[in-house]
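In: Task: produce atomic coordinates for the following.
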Amino acid sequence: MERLSVGSGSSCSDDAAVAGAEAARAAVSGLGGVEPGLVIVYASIRYAFDELLAAVRGVTGDVPLVGASSSGQLIEGEYLPPSSGVSVMVLGSGVYRFGTAEVSGIGADIAGSGRELARRALDAAGGDTTPHSALMVLADGMAGDMQSLLAGMYRVTGARVPVVGGAAGDDRTFSGAYVFFGDRALRDAAVAVWIGSDRPLRVVAGHGWQPQTLPMLVTKVDGMAVEEIDGRPAADVFNEAVARDASARSEYFEGTYEGWHTGHSFGLIEPDGTQLIRGGFVGQDGVLRTFVPLPEYCAVQIVSADQDDLLTASEQVVEEALDGIADPAVMLVFSCIARSDLLGDRAAEEAARLHKAAGQVATFGYYTYGEFARSNGVAGYHNATLTAIAL
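Out: This is a model prediction of the structure:
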């Protein structure tokens, strides 16, 4: 099987049209004359997206385009912090079969939207005619429960097709995120790329968080409010774990942004013993909440992470993503803005270490408000985690 042709480019120009054109021209030039098959765009919300996307398509033509607003980007070892620019990657045609799709109004029926999105992407790829497939998803994570979106997609993909991607960001303003489809920027929407392949595709995830408590049982939840853990008030249990770990935490996080994501989270214990990270915080009303509902009677641990563990995990993700992949050309990555905040003034190290570990393989991604990585079972929406797929 021939190697995928890839090209990437970025721009931090203040002018949306200039930035889009500059990044797209650099990306197309990297293809070496191969016809583009898919365009991926990540951009700061400081841009006028209609102008930005029109400029990108002025270079790439009507090649299928997907993307998302971000809270920072990673491109070929370079870290673009929030509010700084646009990144474009173009994947060549002929090696993989790409089918793109979008669904709007996802907040009204999250699970149904996931099912419809996966169906449309599969149809756009010409049906399930290749030996191997994966689904890349970019979504407005503020529209609802992203785990339910995944559950809907699972009705179409089943366990065989892994899912990877991320929730769009908005430069930490929480004013609203967007996904891109063709020349349109959409809210309350999700876009997907069905990737058909003649060789296996693997989705991986890693985080670096370490348990600070013994396993406990979530005994009462009400939506995103966690009311009881092991039969006790959940906020008390969480605050006790935070207090016990406070001295170690201050050693690593002095001077970094403080919030739910730089302290402690939940490690949802999976059947294989791994932990799926779910952010948790105690609000001013004293209620412990998560960003995605925890299943009642699930097993969890309170977890925390230091900067070295986070960076080591990023290198482990690269190793696992590339292991056994024949002649990979690019690794598409999705990292959480929480990781960037945890790393503080070392944030640029993640992009650099990812790229160095990948060797001759291009690296491209953005900072999200939650990450998709489902490779077995239905669960697969993460917080404060790095997910990836190599092509």
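
In: Tell me where the stretch 51-200 of the chain has helices.
Out: Using DSSP state H, counting those that start in this stretch, the helices assigned to the stretch 51-200 of the chain run over residues 110-124, 146-157.

In: Export the ones you listed to CSV and append columns for distance to Ser87.
Out: C-beta coordinates here come from the backbone N, C-alpha and C atoms, glycine included. Listed next are those as CSV, based on distance: least, Cβ to Cβ, whole Å:
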stretch, distance to Ser87
helix 110-124, 22
helix 146-157, 23
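
In: For Glu2, find the nearest of the ones you listed.
Out: Closest to Glu2 of these, according to Cβ to Cβ: helix 110-124, at 22.7 Å.

In: That closest one - contacts with which helices or strands?
Out: On a contact count with 3 or more Cβ pairs under 8 Å, 6 or more residues apart in numbering; DSSP states H and E, helix 110-124 meets strand 97-104, strand 132-139, helix 146-157, strand 189-197.

In: and of those, who's closest to Gly370?
Out: So among those, helix 146-157 is nearest, using Cβ to Cβ, at 5.7 Å.

In: In contact with the residue most central in space within the chain, which residues?
Out: Central residue of the chain (Cα atoms, centre = their mean): Gly166, 2.8 Å from the mean position. Applying Cβ atoms under 8 Å, 6 or more residues apart in numbering to Gly166 gives the contacts 68, 138-139, 334, 366, 368-372, 387.

In: hmm, try it at 6 Å
Out: 334, 368, 371 (Cβ atoms under 6 Å, 6 or more residues apart in numbering).

In: top of those residues by neighbour count?
Out: Thr368 (32 neighbours; other Cβ atoms under 10 Å).

In: Who is that one paired with across the strands?
Out: Going by DSSP bridges, Thr368 is paired in beta bridges with Cys336.

In: Show me the beta-bridge partners of the closest residue to Ser29 other than its chain neighbours.
Out: Computed as Cβ to Cβ, 6 or more residues apart in numbering, the closest residue to Ser29 that is not its neighbour in sequence is Gly7, at 6.2 Å. Bridge pairing for Gly7 (DSSP bridges) gives the partners Val90.

In: For Gly7, list the residues it contacts.
Out: Gly7 neighbours (Cβ under 6 Å, 6+ apart): 27-28, 30-31, 90.

In: Reformat the residues you listed as JSON lines; add distance to Val242 and secondary structure.
Out: As requested, the contacts of Gly7 are arranged in JSON lines below (distance: Cβ to Cβ, whole Å; DSSP: H, G, I helix; E, B strand; the rest coil):
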{"residue": "Ala27", "distance to Val242": "44", "secondary structure": "helix"}
{"residue": "Val28", "distance to Val242": "49", "secondary structure": "helix"}
{"residue": "Gly30", "distance to Val242": "46", "secondary structure": "coil"}
{"residue": "Leu31", "distance to Val242": "49", "secondary structure": "coil"}
{"residue": "Val90", "distance to Val242": "45", "secondary structure": "strand"}
